[in-house]
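>>> Got a sequence here, can you build the structure:
(2 chains)
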There are 2 protein chains.
Amino acid sequence: MGRWEPDARGRLERAALELYLERGFEQVTVAEIAGRAGLTERTFFRHFADKREVLFWGQGALRDIFVDTVAAASASTSPIDAVAEALAAAGAIFHERREHARRRQAVIDANAGLQERELIKLASLAASLAGALRRRGVPEPAASLTAEAGIAVFKVAFVRWVSDPGEPDLPELIRESLDELKGALITGVLANAPTTLNG
Amino acid sequence: MGRWEPDARGRLERAALELYLERGFEQVTVAEIAGRAGLTERTFFRHFADKREVLFWGQGALRDIFVDTVAAASASTSPIDAVAEALAAAGAIFHERREHARRRQAVIDANAGLQERELIKLASLAASLAGALRRRGVPEPAASLTAEAGIAVFKVAFVRWVSDPGEPDLPELIRESLDELKGALITGVLANAPTTLNG
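Numbering: from 1, shown residues only, chains lettered A, B, ... in the order given. Alright, predicted model coming up:
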């Protein structure tokens, strides 16, 4: 092992994003990222498996927060409220990372392969969330539907958050987006079948 | 151009699915598909750009049905009801194609690259659906949220439909799944904020 480098991970991440934005993800090598960060390639590979993982290492942390928050919700919490708690908890970890998230999104938006990887990440998170709901006793298809709707809310809120610095913080946007989705679906219910709500 | 071959497209599609299931998608060549169908490679390439398109050519038809149905919905139709009509119309085209869809799904489930392609298809359909809603005057983020929720419903209903021959037909499963999602989201609303509905 090499000597300890202060904040090596953060320095590598910032250097990688800078280079990806300057020259495009495909064109950048690990050697260049390490060089820009003032570190060695060996140090890079102690922190990341490859240059794509610099953009996606957070997936495991997000999944853990989703799954743990749903598992920890009180027994009386409805499935959608457990998902709302999980989304807000996940949203909170992006605090202070807005500029980083905006730059990361710009890198992904410029590369079709990275966009595919991001879709796979979201699908995988939806599957993990559905699994956490099933372990609470939520049957299918309600578990998958609630999880997919939750991830859709997260995705839409995240895009709003990174696109416009004037928007509120992410947990607030997630709450707003979930309320918006409920409103959009309930409009149909109220128009078509008010007895569902009153009966 | 070669001579006209009766149902060449259908024969190629059936031959391709048979071979993909027997030997795995990666191992099969276009020459083998054409041979199994009793046709030439040249005929294959008049119908499909490559062997992957045999599995994904329906995406354009689905997109057109989604977009056209949303555009044709009456002015008084709510966004979620316009999406529900679009999903049901799309579901109807799979009538008589259940065994085909089941076989196609088995091919996709066995190949990570095809699963990614399927996710991209669904994300693209959600974007088209959101665009159709915006053209009806639905603002963001409601348009994207309603579209994403609609595609989530379609995805979950489709999996139920291909997985269990005992399940009802696809348009019926789509309606059931949408009602299930509304119920799951409204449970939270009724528990937390009844004034939203009564006020």
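
>>> Domain-wise, how is chain A divided?
A:8-53, A:57-188 (automatic domain parsing).

>>> Give me whichever of these is most buried.
domain A:57-188 (a mean of 19; mean count of other C-beta atoms under 10 Å in any protein chain shown). No exception for glycine: its C-beta is placed from N, CA and C like everyone else's.

>>> Comparing the domains of chain A by mean pLDDT, which bottoms out?
Mean pLDDT is lowest for domain A:57-188 out of the domains of chain A, coming in at a mean of 93.

>>> Any residue of that domain touching chain B?
Yes. Between domain A:57-188 and chain B, judged by C-beta under 8 Å from any C-beta of the partner chain, the touching residues are A:78-81, A:84, A:116, A:119-120, A:123, A:141-142, A:144-146, A:148-149, A:152-153, A:155-157, A:159-160, A:177, A:180-188.

>>> Can you tell me how far the closest residue to A:Ala92 other than its chain neighbours is from chain B?
Leaving aside its sequence neighbours, A:Ala92 sits nearest to A:Pro171 (C-beta to C-beta, 6 or more residues apart in numbering or on different chains; 5.4 Å). In this view, A:Pro171 and chain B are 16 Å apart by C-beta to the nearest C-beta, to the nearest Å.

>>> list the contacts for A:Pro171?
A:88, A:91-92 (C-beta atoms under 8 Å, 6 or more residues apart in numbering or on different chains).

>>> any idea how far chain B is from the most centrally placed residue in chain A?
In chain A, the centroid-proximal residue (C-alpha atoms, centre = their mean) is A:Leu62; its distance is 6.2 Å. Look at A:Leu62 and chain B: by C-beta to the nearest C-beta, they are 17 Å apart.

>>> Find the helix or strand that that residue is a member of.
Per DSSP states H and E: A:Leu62 is located in helix A:58-72.

>>> for that helix, packing partners?
Packing partners of helix A:58-72 (3 or more C-beta pairs under 8 Å, 6 or more residues apart in numbering or on different chains; DSSP states H and E): helix A:79-92, helix A:112-135.

>>> Can you classify A:Arg14 by secondary structure?
For A:Arg14, the assignment made with DSSP: H, G, I helix; E, B strand; the rest coil gives helix.

>>> what residues are up against the residue lying closest to A:Ala184 once chain neighbours are set aside?
Leaving aside its sequence neighbours, A:Ala184 sits nearest to B:Thr146 (C-beta to C-beta, 6+ apart; 4.8 Å). Counting by C-beta under 8 Å, 6+ apart, B:Thr146 touches A:181, A:184-185, B:79-80, B:83, B:130, B:133, B:138.

>>> now with 6 Å?
Going by C-beta atoms under 6 Å, 6 or more residues apart in numbering or on different chains, B:Thr146 touches A:184, B:79-80, B:83.

>>> Take whichever strand or helix holds it, keep the C-alpha atoms, and write them as PDB.
Per DSSP H and E: B:Thr146 is located in helix B:142-163. Coordinates of each C-alpha in helix B:142-163 appear next as PDB, following Å, rounded to 0.1, in the frame of the first residue of the first chain:
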ATOM      1  CA  ALA B 142     -46.600  16.900 -13.800                       C
ATOM      2  CA  ALA B 143     -46.100  15.700 -17.400                       C
ATOM      3  CA  SER B 144     -42.900  13.700 -16.700                       C
ATOM      4  CA  LEU B 145     -44.300  12.300 -13.400                       C
ATOM      5  CA  THR B 146     -47.500  11.200 -15.000                       C
ATOM      6  CA  ALA B 147     -45.600   9.700 -18.000                       C
ATOM      7  CA  GLU B 148     -43.100   7.900 -15.800                       C
ATOM      8  CA  ALA B 149     -45.800   6.500 -13.600                       C
ATOM      9  CA  GLY B 150     -47.700   5.300 -16.700                       C
ATOM     10  CA  ILE B 151     -44.700   3.500 -18.000                       C
ATOM     11  CA  ALA B 152     -44.100   1.900 -14.600                       C
ATOM     12  CA  VAL B 153     -47.700   0.600 -14.700                       C
ATOM     13  CA  PHE B 154     -47.100  -0.700 -18.200                       C
ATOM     14  CA  LYS B 155     -43.900  -2.400 -17.200                       C
ATOM     15  CA  VAL B 156     -45.300  -4.100 -14.100                       C
ATOM     16  CA  ALA B 157     -48.500  -5.200 -16.000                       C
ATOM     17  CA  PHE B 158     -46.500  -6.500 -18.900                       C
ATOM     18  CA  VAL B 159     -44.300  -8.700 -16.600                       C
ATOM     19  CA  ARG B 160     -47.500 -10.100 -14.900                       C
ATOM     20  CA  TRP B 161     -49.000 -10.800 -18.300                       C
ATOM     21  CA  VAL B 162     -46.100 -12.700 -19.800                       C
ATOM     22  CA  SER B 163     -45.200 -14.500 -16.500                       C
END
